[in-house]
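> The following block contains a protein sequence and its predicted model.
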Amino acid sequence: MIKLNAVNKSFCDTQAVKDVSFEVSEGENLILLGTSGCGKTTTLKMINRLIVPDSGSISIDGKDIANEQTEKLRRGIGYVLQNIGLFPHYTVAENIAVVPKLLGWNKEKIKSRSTEILEKLHLPGKYSSMFPNELSGGQQQRVGLARALVTDPAVLLMDEPFGALDNITRLSIRKEFKALEELKRKTIVMVTHDIHEAFDLADRICLMDQGTIIQIGTPKELLYHPVNEFARNFLASERLSLEFKMISLNDIWDLLPNLKSDGNASISSTESIWDAMEKLQSQQENKLTVNGQSNEQKTIDFNALTTAFNHYQNNQYHE
Ligand SMILES: Nc1ncnc2c1ncn2[C@@H]1O[C@H](COP(=O)(O)OP(=O)(O)OP(=O)(O)O)[C@@H](O)[C@H]1O
């Protein structure tokens, strides 16, 4: 769907992006992750030609974007900016209507689609006539997302979409974002420097440093098979909590014993080890019944959970 081939970009004497190549499949969510200044935003902006590469090629659906009319290209790509970037003197409805108007949509179509997308993003009708400065940061971010999604583009580029938000708002918007049906069929390239966000949302992660790609892989590949010291160290401080959040009870199902008593709380095996730990911690007897697939059940305690996790972890490292 999106293909970058040996792309380079320099600004004066800074080589921001060096020989970057990757492919993003249709419907995939690729996250560009790395320290500040490693070239993530430059890479993203080259996909909608906000920045033009010095060399290399970028294609979308097999068509080289260098040969596309820039306006036409951008109309087919939703773009969520780092600092939200709403027009301050436009209402919410007017902000969202900018691209549909350029596309020649009639008033009724703009209104009905804007209302639909705002409702999906939990912004009911009364917000349409408000101005950005009358909204909270989280609400502004939702409007930014609505604006990018209103024309239902196949490709969505997102630059630190939750970066301006406090941790709690960030977490809840991320949950809504994951649950949004509209996003599930989109091809998304997203920039973040937040490791947990990357692991939570990515199908694959592209880890960058100093303009180059260090590793591209699934979250599990990055965790258990880092390609070098940089990749290993980048995740080191968060490794354990990432594993707890990423590994589901299904992943360790075969390694879980079935203790011969009933748990006083239950959890689905699709939930993570982290979720199970939280539930166990809130129970007095520390027993939890896990509802597995095909109606199987297992009762576990904290010890059984951590022992199974340790086995799983060892297996992964030696795979
Ligand atoms: N317009 C520009 N003019 C000059 N240098 C630039 C420009 N844009 C980016 N750079 C430089 O290119 C390098 C990569 O910048 P880029 O914004 O792509 O990094 P980033 O990984 O997105 O960083 P951050 O996470 O801080 O946004 C940096 O050294 C930056 O200073």
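Done, it's in.
> what residue lies at the spatial centre of the protein?
residue 201 (3.4 Å; Cα atoms, centre = their mean).
> List the residues that contact that one.
29, 31, 174, 177-178, 190 (Cβ atoms under 8 Å, 6 or more residues apart in numbering). For the C-beta atoms, the positions are set from N, CA and C on the backbone; glycine is no exception.
> Equivalent analysis for residue 73, please.
By Cβ under 8 Å, 6+ apart, residue 73 lies in contact with 48-49, 60, 65.
> Compute the number of surrounding residues for the residue lying closest to residue 102 once chain neighbours are set aside.
Spatial nearest neighbour of residue 102, chain neighbours left out: residue 75 (6.9 Å); criterion: Cβ to Cβ, 6 or more residues apart in numbering. Burial of residue 75 is recorded as 16 neighbouring residues (other Cβ atoms under 10 Å).
> ditto for residue 181
For residue 181, the number of neighbouring residues by other Cβ under 10 Å comes to 7.
> ok, for it, nearest residue in space, not its chain neighbours?
residue 120 (8.0 Å).
> Pretty sure the one you found sits against residue 180.
Yes - with contact defined as Cβ atoms under 8 Å, residue 120 reaches residue 180; the gap is 6.4 Å.
> The stretch 151-300 of the chain: helices as residue ranges?
Shown for the stretch 151-300 of the chain, the helices assigned by DSSP state H, counting those that start in this stretch span residues 167-179, 181-184, 195-201, 219-224, 229-236, 239-246, 273-281.
> For the ones you listed, give me CSV that also has distance to the ligand and mean pLDDT.
Listed next are these as CSV, based on distance: least, Cβ to the nearest ligand atom, whole Å; pLDDT from 0 to 100:
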stretch, distance to the ligand, mean pLDDT
helix 167-179, 16, 80
helix 181-184, 22, 84
helix 195-201, 12, 92
helix 219-224, 17, 93
helix 229-236, 13, 95
helix 239-246, 20, 93
helix 273-281, 27, 91
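> May I see these organised as JSON lines, with distance to residue 126 added?
Below are the helices of the stretch 151-300 of the chain laid out as JSON lines (distance: least, Cβ to Cβ, whole Å):
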{"stretch": "helix 167-179", "distance to residue 126": "19"}
{"stretch": "helix 181-184", "distance to residue 126": "22"}
{"stretch": "helix 195-201", "distance to residue 126": "30"}
{"stretch": "helix 219-224", "distance to residue 126": "39"}
{"stretch": "helix 229-236", "distance to residue 126": "43"}
{"stretch": "helix 239-246", "distance to residue 126": "36"}
{"stretch": "helix 273-281", "distance to residue 126": "35"}
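> From residue 205, how far out is the residue of the stretch 151-300 of the chain found nearest the ligand?
Going by Cβ to the nearest ligand atom, the ligand is nearest to residue 193 of the stretch 151-300 of the chain, at 5.1 Å. According to Cβ to Cβ, to the nearest Å, residue 193 stands 12 Å off from residue 205.
> So those two - more neighbours on which side?
Using other Cβ under 10 Å, the more surrounded residue of residue 193 and residue 205 is residue 205, with 26 against 16.
> lowest-pLDDT helix or strand in the protein?
helix 167-179 (a mean of 80; mean pLDDT, DSSP states H and E).
> can you list contacts of that one?
Helix 167-179 is contacted from outside by 121-122, 136-138, 141-142, 145, 161-162, 165, 183, 197, 200-201, using Cβ under 8 Å, 6+ apart.
> same thing with stretch 251-259?
Here stretch 251-259 makes contact (Cβ under 8 Å, 6+ apart) with 249, 269, 273, 287, 290, 292, 297-301, 304-305, 307-309, 311-312.
> Likewise for stretch 114-129?
Stretch 114-129 has contacts (Cβ under 8 Å, 6+ apart) with 91-93, 96-97, 100, 135, 139, 142-143, 145-146, 149-150, 176, 180-182.
> Show the average pLDDT along that stretch.
Regarding stretch 114-129, the rounded mean pLDDT is 88.
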